[in-house]
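Chemist: Show me how the following folds:
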Amino acid sequence: MSTEVNTIPIVNLGQLGLGVSEEPREEEWLRVAKELKGAFCGVGFVYLDNHGIPSTLVEKVFGSAAKFFSLDKEIKTKYRKKSFGSVEGYVEMDQEQLDDKTDKLFEIRESFYLKYMETGIFPVEEVPELKSHMTALYDACLQLIPRLLTAMSLALDLERDFFTLNHQKLQTMSSCNSSTMRLNYYPPVPPNTPEKSIRCGTHTDYGTITLLFQDSMGGLQVQDVSGSWVEARPIPGTILVNAGDLLQIWTSGKFVATVSTI
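Modeler: Predicted structure coming up:
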């Protein structure tokens, strides 16, 4: 059974997690499907436990990301996104505004977008290990995501391969697929920060699902079905997953793309 922390369910993937030697039994697929459905039809977020992606790998990614974001601004901007429509590169503070429904807010956040693991933009001179760590995490996610997509199909009483067949380009992260990996860094609040400042504006994610690996700092809030803001506190060893706009449209609103902010 799933449990709840602040209305966000925890789903134990059990036999669906990576590294399990036995093939998942059908009842396991149906259990996870039912629990994912409850989460995505409700708050739109879910913690995944026993997913099989090593915590040591996630910590390596956090460590190499921290090295990059600690570099001097002049170095980081060498890897700046080339244009608004670019899918890779570094984004400085206040260069993105996720909340377009309110007055302009100063967003105290830096990001680094990655898409093409083999040929992408990486700071190989300054943080050479970032590429190998991100590639390993990317490969692990590519193993896990089809299992989630299959469970989501079963949750909606569709053919079990419905979502996986409609996400075939995910395996190559090709230009035909808009999926990306993004590192986010929330630095200390700088002096003389504008009064209207925020870490990350209120928004919904635009894709099918987002896999969020949290550090221990926390700060993420999501808006539950009653309109109240709920703390999505980090739970060690879990992945926080949420439904995006595309999934909400795809399911005619049955699965909810929840508003979140930091």
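
Chemist: pLDDT weak spots in the stretch 51-200 of the chain?
Modeler: Low-confidence segments of the stretch 51-200 of the chain, defined by pLDDT under 70: 84-85, 98-104, 172-175.

Chemist: which non-adjacent residue is nearest residue 240?
Modeler: The shortest distance from residue 240 to any non-neighbouring residue, by Cβ to Cβ, 6 or more residues apart in numbering, is to residue 212 (4.3 Å). Backbone N, C-alpha and C define where each C-beta goes, glycine included.

Chemist: Please disregard the earlier target; I meant residue 19.
Modeler: That would be residue 52: by Cβ to Cβ, 6+ apart, it lies 4.5 Å from residue 19.

Chemist: just checking, that neighbour touches residue 17?
Modeler: Yes. Counting by Cβ atoms under 8 Å, residue 17 is a contact partner of residue 52 at 3.8 Å.

Chemist: Next, show the common contact partners of the two.
Modeler: Shared contacts of residue 52 and residue 17, defined by Cβ atoms under 8 Å, 6 or more residues apart in numbering, are found at residue 144.

Chemist: out of these two, which sits in the more crowded spot?
Modeler: More crowded of residue 52 and residue 17, by other Cβ atoms under 10 Å: residue 17, with 18 against 15.

Chemist: show me the contacts for the more buried one.
Modeler: Contact partners of residue 17, counting by Cβ under 8 Å, 6+ apart, are 50, 51, 52, 144.

Chemist: ok, now residue 161?
Modeler: With contact set as Cβ under 8 Å, 6+ apart, residue 161 has these partners: 150, 153.

Chemist: Okay, it and residue 167: tell me how far apart.
Modeler: The gap separating residue 161 from residue 167 is 10 Å, by Cβ to Cβ, to the nearest Å.

Chemist: Could you do residue 190 as well?
Modeler: 40 Å.

Chemist: Who has more neighbours out of those two?
Modeler: residue 167 (16 against 10).

Chemist: OK, contacts around that one?
Modeler: Residue 167 touches 145, 146, 149, 177, 208, counting by Cβ under 8 Å, 6+ apart.

Chemist: now, which of those residues sits nearest residue 118?
Modeler: Taking Cβ to Cβ as the measure, residue 118 lies nearest residue 177 of the contacts of residue 167, at 14.9 Å.

Chemist: Please, where are all the helices along the stretch 1-150 of the chain?
Modeler: 26-41, 55-69, 73-76, 129-155 (DSSP state H, counting those that start in this stretch).

Chemist: neighbours around residue 70, how many?
Modeler: That count, for residue 70 with other Cβ under 10 Å as the rule, works out to 12.

Chemist: Repeat that for residue 244.
Modeler: Residues within reach of residue 244, counting by other Cβ under 10 Å, total 19.

Chemist: How is the most far-flung residue of the chain relative to its centre classified with respect to secondary structure?
Modeler: Within the chain, the residue lying farthest from the chain centre (Cα atoms, centre = their mean) is residue 192, at 31.0 Å. Following DSSP: H, G, I helix; E, B strand; the rest coil, residue 192 is assigned to coil.

Chemist: Next, count neighbours for residue 79.
Modeler: For residue 79, the count of nearby residues is 19 (other Cβ under 10 Å).

Chemist: Ignore what I typed, I meant residue 74.
Modeler: Using other Cβ under 10 Å, the number of residues around residue 74 comes to 7.

Chemist: again with residue 128
Modeler: For residue 128, the count of nearby residues is 12 (other Cβ under 10 Å).

Chemist: got a list of what it touches?
Modeler: Residue 128 makes no contacts at all, as judged by Cβ under 8 Å, 6+ apart.

Chemist: ditto for the one 3 residues further on
Modeler: Neighbour list for residue 131: 117, 122, 124 [criterion: Cβ under 8 Å, 6+ apart].

Chemist: Quickly note the distance from it to residue 58.
Modeler: Distance from residue 131 to residue 58, counting by Cβ to Cβ: 16 Å.

Chemist: do the same with residue 105
Modeler: Separation of residue 105 from residue 58 (Cβ to Cβ) stands at 29 Å.

Chemist: Ok, residue 46 next?
Modeler: Counting by Cβ to Cβ - residue 46 and residue 58 are separated by 18 Å.
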